[in-house]
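Student: prediction below, plus the sequence it came from.
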Amino acid sequence: MRKIKEVLRLKYEAGLSYDTIGRSCNIGHTTVGKYINRAQDAGLRWPLPEDMDDTLLEKLLYPRSPNPDVKRPLPDWIYIHKELKKKNVALFLLWQEYKEIHPDGYE
């Protein structure tokens with residue numbers, strides 16, 4: 001979380017570019033962009049509130065998925081493997097068949 005705080009400080013306090021911040025923090029410029037986007041999505045502004053600890057910051061930037069306990073049926077991998085050996089069978093076709101049987105399955 002210390003690195004994220006430093007990224008936010010360099011962006012909003014110093015006004016540096018993503019490339020410059022990335023070189024300063026030893027991370028990629030795309031990671032800098034992701035950190036800043038997450039902070040904006042969470043409604044965070046610089047400077048961060050003094051009472052915000054790393055745990056709260058992590059919860060705001062990386063919220064849990066809404067239903068982590070939902071069980072989705074797995075595809076039949078053996079069937080898929082056998083079917084893909086046949087001519088004119090594409091993975092997309094097999095996925096469509098899977099979704100017809102299991103509409104709440106993986107996407």
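Tutor: Arrived safely, thanks for sending.
Student: show me what contacts the residue sitting furthest away from the middle of the chain?
Tutor: The C-alpha centroid of the chain is most remote from Lys87, which lies 36.0 Å away (CA atoms, centre = their mean). If you count contacts by CB atoms under 8 Å, 6 or more residues apart in numbering, Lys87 has none. Every C-beta, even on glycine, is put in place using the N, C-alpha and C of the backbone.
Student: name the nearest residue to Lys99, ignoring sequence neighbours.
Tutor: Gly105 (6.1 Å; CB to CB, 6 or more residues apart in numbering).
Student: what about that neighbour, how many neighbours?
Tutor: Gly105: 14 surrounding residues under other CB atoms under 10 Å.
Student: distance check, the spatially closest residue to Gly28 that is not a sequence neighbour against Leu10.
Tutor: In space, and not counting its chain neighbours, Gly28 is closest to Gly22: 5.6 Å by CB to CB, 6+ apart. As for Gly22, its distance to Leu10 is 10 Å (criterion: CB to CB, to the nearest Å).
Student: before we move on, what about Phe92?
Tutor: 44 Å.
Student: so the two - more neighbours on which side?
Tutor: Leu10 (20 against 8).
Student: remind me which helix or strand the more buried one belongs to.
Tutor: Leu10 belongs to helix 2-12 when assigned by DSSP states H and E.
Student: give me the next element, helix or strand, following that helix.
Tutor: In N-to-C order, the element after helix 2-12 by DSSP H and E is helix 18-25.
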